[in-house]
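Participant: got a predicted structure here, sequence first:
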Amino acid sequence: QVLLQESGGGLVQAGGSLRLSCTASGRSFSRNNIGWFRQAPGKEREFVSVITWAGGTIYYADSVKGRFTISRDNTKNTVTLQMNSLKSEDTAVYYCAADPGYSGRAFSGYAYRGQGTQVTVSS
């Protein structure tokens, strides 16, 4: 069992930065792939980024590539999403999700999911 908690969301001006954290409880965190997803009002939830359990493989959505950076510290049970050069279209609720085997782009593929944190980018 892995319980996930997102933090770090808030209100920021366009061009600014935010750092989101996904902190997990559970001894098996280090063996889980961690994905970030987001859902804007009136839109479907979409993939943002994923990092495999050892950090050896990382993927980004094209919309955030070059602006967002995902990293993990298994000693702290934390995955971080550094978001730079934020745009108004990045406004969404951001969710992290974990799974020991799946590392794809479907939120439903992850066994464990957080409650989300709101990111609002003002233009």
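Facilitator: That came in fine, so what should we check first? The model shown is predicted, which means the values in this text are computed figures rather than measured ones.

Participant: burial of the closest residue to Q1 other than its chain neighbours, as a residue count?
Facilitator: Closest residue to Q1 apart from its sequence neighbours, by Cβ to Cβ, 6 or more residues apart in numbering: G26 at 5.6 Å. Where you see a C-beta, it was placed from the backbone N, CA and C, and this is true even at glycine. When counting by other Cβ atoms under 10 Å, one arrives at 15 neighbours for G26.

Participant: now swap in M83 and tell me
Facilitator: Other residues close to M83 by other Cβ under 10 Å number 27.

Participant: and Y110, how many neighbours?
Facilitator: Neighbours around Y110, by other Cβ under 10 Å: 26.

Participant: for it, give me phi and psi.
Facilitator: Dihedral pair for Y110: phi -90, psi 130, per degrees, to the nearest 10.

Participant: first-to-last residue distance for stretch 11-20?
Facilitator: From its first residue to its last, stretch 11-20 covers 12 Å (Cα to Cα, to the nearest Å).

Participant: go through that stretch and flag the buried ones.
Facilitator: Using 16 or more other Cβ atoms under 10 Å as the test for burial, stretch 11-20 gives V12, L18, L20.

Participant: measure the second one to F37 for me?
Facilitator: When distance is defined by Cβ to Cβ, to the nearest Å, L18 is 16 Å away from F37.

Participant: now swap in the first one and tell me
Facilitator: Remark: distance between V12 and F37 (Cβ to Cβ) = 19 Å.

Participant: fine by me, thanks again.
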